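Engineer: Show me how the following folds:
(2 chains)
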Amino acid sequence: MKRLNKKGTDKIISVYWFVILFIVAAAVVYMAVVFYGEPYDVREIEAKIMINQIADCISQGGEIQDGVINGEGKLELTNENILSKCHLDFNVEDFKDWKTQEQFYVEINFYKFNKDAPDGLGSKFVEDIVAGNTNLKEYCDKKGKNFPVCVERDFYVLVKENPHIIKVKSIVRKTEKNV
Amino acid sequence: MFNNRKAQIGETVTWVVATIAIIIILVISVLVVSIGPFKNREFKEGGTSDLLVTKSFTGYLLTDDGNGVVFEQLKDKKTYLEAPQETTRIDRTFPKKIFLGLYKEEYSSNQIFLRINSEWCGWDGSSKCDNKKVLFNQGGLPSNMKATKLFYDRIKLKDWGDETKNTILELMLN
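Structural biologist: Residues are numbered from 1 along each chain as shown, chains lettered A, B, ... in the order given. Now for the predicted structure:
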């Protein structure tokens, strides 16, 4: 009688152990999936790095770099040469349609500094410089992680001792690998 | 027979408590992973540097505000010794427009300041601050501040003797 009871208890405990083992394994798998399942979204940082690279390319020591604006006040940095002059490479890996659809966009606006304007922005003094996929611009107003990430930053710089503000807009798409 | 039943009850209670403990630990772990900081997988920037603000700061120091180049004015003894507190010849519109105008959306607009101070003064008010001259101060003094997204830069100014020893110009955006 006693021996039969012992056997029954062992069976119940075995089943119990399997149930607990299954629950623990399921929880570990769930946590691993949650932790590693979603990619890191690094697009904002990527866009900021691009802005820093452009800012370094345009200004040094508080003044505009040589080779950006010539003696006549015209831009030497153009849409065509900005990538090579600022050491930027918009080529991306061959993934989905990335080769045919550019994943980056940059735009640089040059403004005169206006002490009386609320944000210090005066009129534009040279034409804008743009490079990359211009279609990405239209998504900047839209919110949501499935849209490209837009970052716009400004800095103050002297152009021939006159104060100016430079705005740099940087857009990174790469949605498929970051969301 | 009675003793046996007591032992069985004791053993069952142990298993029930162990099961509850396992379940609770698992639920806590799953909740932490699901709603905790791991769920929002974004890189946060750290540190107290910001390349664009640094560039603007350097540009501002080289600006001629009508009274001369700002940095030259700051090196002048009269700027921070002989002029009364809170006043200098320096045009305050420039730093206000540059730092508040350009960075008010990225940093809290009420916690931006540019001032001349003692080198040993902590930005958070942890050490005694002389506040020799405030060139631009939007919002409360540093003692009220909590660093959230902080930019901090300082440069040493000319040493004119004991009164100006270890004097710095500091810019902070929080």
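Engineer: Please point out which parts of the longest helix along chain A sit buried.
Structural biologist: Longest among the helix segments of chain A by residue count, using DSSP state H, is helix A:2-37. In terms of neighbour count (16 or more other C-beta atoms under 10 Å in any protein chain shown), helix A:2-37 has its buried residues at A:27, A:30, A:31, A:34. Any C-beta I mention is one placed from the backbone N, CA and C, and that applies to glycine too.
Engineer: wait, doesn't the first one sit right on residue B:26?
Structural biologist: It refers to residue A:27. Yes - at 4.5 Å, residue A:27 counts as touching residue B:26 under the criterion of C-beta atoms under 8 Å.
Engineer: the strands in the chain, which residues?
Structural biologist: The chain I'm using is chain A. A:59-60, A:63-64, A:104-113, A:121-124, A:129-132, A:149-159, A:162-172 (DSSP state E).
Engineer: Sorry, I should have been clearer: chain B.
Structural biologist: So, for chain B - with DSSP E - the strands run B:112-118, B:133-138, B:151-156, B:167-173.
Engineer: other SSEs contacting the first one?
Structural biologist: Secondary-structure packing of strand B:112-118 (3 or more C-beta pairs under 8 Å, 6 or more residues apart in numbering or on different chains; DSSP states H and E): strand B:133-138, strand B:167-173.
Engineer: Out of those, which one sits most buried?
Structural biologist: Among these, ranked by average contacts under mean count of other C-beta atoms under 10 Å in any protein chain shown, first place goes to strand B:167-173 (a mean of 22).
Engineer: got the CA coordinates for that one in PDB?
Structural biologist: Only the C-alpha atoms of strand B:167-173 are listed here, as PDB (Å, rounded to 0.1, in the frame of the first residue of the first chain):
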ATOM      1  CA  THR B 167      38.700  83.300 -13.400                       C
ATOM      2  CA  ILE B 168      36.800  81.500 -16.100                       C
ATOM      3  CA  LEU B 169      34.100  82.100 -18.600                       C
ATOM      4  CA  GLU B 170      31.600  79.300 -18.500                       C
ATOM      5  CA  LEU B 171      28.700  78.500 -20.800                       C
ATOM      6  CA  MET B 172      26.000  76.000 -19.700                       C
ATOM      7  CA  LEU B 173      22.900  74.700 -21.500                       C
END
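Engineer: Parallel or antiparallel, list what pairs with that strand.
Structural biologist: Strand B:167-173 has the following strand partners under DSSP bridges: strand B:112-118 (antiparallel), strand B:151-156 (antiparallel).
Engineer: Just name the shakiest helix or strand of chain B by mean pLDDT.
Structural biologist: Within chain B, confidence by mean pLDDT, DSSP states H and E is lowest for helix B:77 among all helices and strands, at a mean of 68.
Engineer: and the longest helix along chain B, what does it pack onto?
Structural biologist: Determined from DSSP H, the single longest helix within chain B is helix B:2-35. Judged by 3+ C-beta pairs under 8 Å, 6+ apart, helix B:2-35 is in contact with helix A:2-37.
Engineer: what's the burial count for residue A:86?
Structural biologist: The number of residues packed near residue A:86 is 20, by other C-beta atoms under 10 Å in any protein chain shown.
Engineer: how about the strands of chain B, which one is nearest residue A:115?
Structural biologist: Minimum separation from residue A:115 across the strands of chain B (C-beta to C-beta) falls at strand B:133-138, 13.7 Å.
Engineer: Below-threshold pLDDT in chain B: ranges please.
Structural biologist: Within chain B, the ranges that satisfy pLDDT under 70 run B:1-3, B:36-48, B:77-88, B:109-110, B:118-132, B:138-149, B:158, B:160-165.
Engineer: same thing with chain A?
Structural biologist: Along chain A, the parts satisfying pLDDT under 70 run over A:1-6.
Engineer: Which residue ranges make up each domain of it?
Structural biologist: Domains of chain A are assigned by automatic domain parsing as A:1-37, A:42-178.
Engineer: Just name the most buried of these.
Structural biologist: Comparing these by mean neighbour count (mean count of other C-beta under 10 Å), domain A:42-178 comes out on top with a mean of 17.
Engineer: how long is that one end to end?
Structural biologist: Counting by C-alpha to C-alpha, to the nearest Å, you get 7 Å between the two ends of domain A:42-178.
Engineer: contacting residues around residue A:64?
Structural biologist: Shown in contact with residue A:64 (C-beta atoms under 8 Å, 6 or more residues apart in numbering or on different chains): A:58, A:157, A:158, A:159, A:160, A:164.
Engineer: quick revisit: pipe the strands paired with strand B:167-173 into a markdown table and attach mean neighbour count per row.
Structural biologist: Formatted as a markdown table, the strands paired with strand B:167-173 follow (neighbours: other C-beta atoms under 10 Å in any protein chain shown):
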| stretch | mean neighbour count |
| --- | --- |
| strand B:112-118 | 22 |
| strand B:151-156 | 15 |
